[in-house]
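Colleague: Predicted model, plus sequence, below.
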Amino acid sequence: MVENRRTTVYLDPDLHRALRLRSAEGDCSISDLVNSAVRRSLVDDAGDLVASGERAAEPTVPYGGLVTATELRFHAVEDGIAWLRQVAEEPSADSRPSLEILREVRTDAGGVEQGTDAPSDAGSGV
C-alpha cells in the first residue's frame, strides 16, 4: 500500500468551496480530487516537454510576423462579414432573398450546396 504524504495547501475560498461540493457529489475526498488534478497537470506538462523536444528542429517564427499574419486574417474575416451584411441588407433586382442569391453564386463558383456531397449541377444545363 502506498503511504500518502501530508502537506498544507492554501486554496482560494471559492476553489475550496467548489472542491467540497465536487467531493460530496462524487463520493471522494478533496485529497483524491487534488491528487487527480495534480497528476493530470504533470502528465500534460510531460507531454508538452516531449512535443517541445520533437519540434526543437523546426524554424522559429518571429512573434511580430505571427501577429501580423493573424491580424491580416482577422481583418479579412471582418471585411467578409461587413460585405455579407451589406449584401443581406440590399434589395435584390429580382426580389429574391439575398441568401438565395448567395447560394446561387456559391454554386456557380463550383461550391458545394449545403446538404450535398458534390457540387450542384444547377445552372450547368446537365
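Modeller: Right, received. Where do you want to start?
Colleague: Domain-wise, how is the protein divided?
Modeller: Domain assignment of the chain by automatic domain parsing yields the ranges 13-54, 63-108.
Colleague: what number of residues lie near Arg106?
Modeller: Neighbourhood size, Arg106 [other Cβ atoms under 10 Å]: 15. Heads up, the C-betas are built off the backbone N, CA and C, glycines and all.
Colleague: CA atoms only: put whatever helix or strand Ala18 lives in into CSV for me.
Modeller: Per DSSP states H and E: Ala18 is located in helix 13-26. Listed next in CSV are the C-alpha coordinates belonging to helix 13-26 (Å, rounded to 0.1, in the frame of the first residue of the first chain):
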residue,chain,number,x,y,z
PRO,A,13,-12.1,30.2,-0.8
ASP,A,14,-14.2,29.8,-4.0
LEU,A,15,-11.9,27.0,-5.2
HIS,A,16,-12.2,25.2,-1.8
ARG,A,17,-16.0,25.5,-1.8
ALA,A,18,-16.1,24.0,-5.4
LEU,A,19,-13.8,21.2,-4.3
ARG,A,20,-16.0,20.4,-1.3
LEU,A,21,-19.1,20.3,-3.5
ARG,A,22,-17.4,18.2,-6.1
SER,A,23,-16.2,15.9,-3.3
ALA,A,24,-19.7,15.4,-1.9
GLU,A,25,-21.2,14.8,-5.4
GLY,A,26,-18.5,12.4,-6.5
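Colleague: in the helix or strand where Asp48 lies, what counts as buried?
Modeller: Per DSSP H and E: Asp48 is located in helix 30-54. Applying a neighbour-count criterion of 16 or more other Cβ atoms under 10 Å, one finds Leu33 buried in helix 30-54.
Colleague: contacting residues around that helix?
Modeller: Residues from elsewhere that reach helix 30-54 (Cβ atoms under 8 Å, 6 or more residues apart in numbering): Asn4, Val9, Leu19, Arg20, Arg22, Ser23, Gly26.
Colleague: quick one on the thing from earlier: pick out the shakiest of the domains of the chain, pLDDT-wise.
Modeller: Note on the domains of the chain: domain 63-108 shows the lowest mean pLDDT, a mean of 75.
Colleague: Could you work out the end-to-end span of that domain for me?
Modeller: Separation of the first and last residues of domain 63-108 by Cα to Cα, to the nearest Å is 40 Å.
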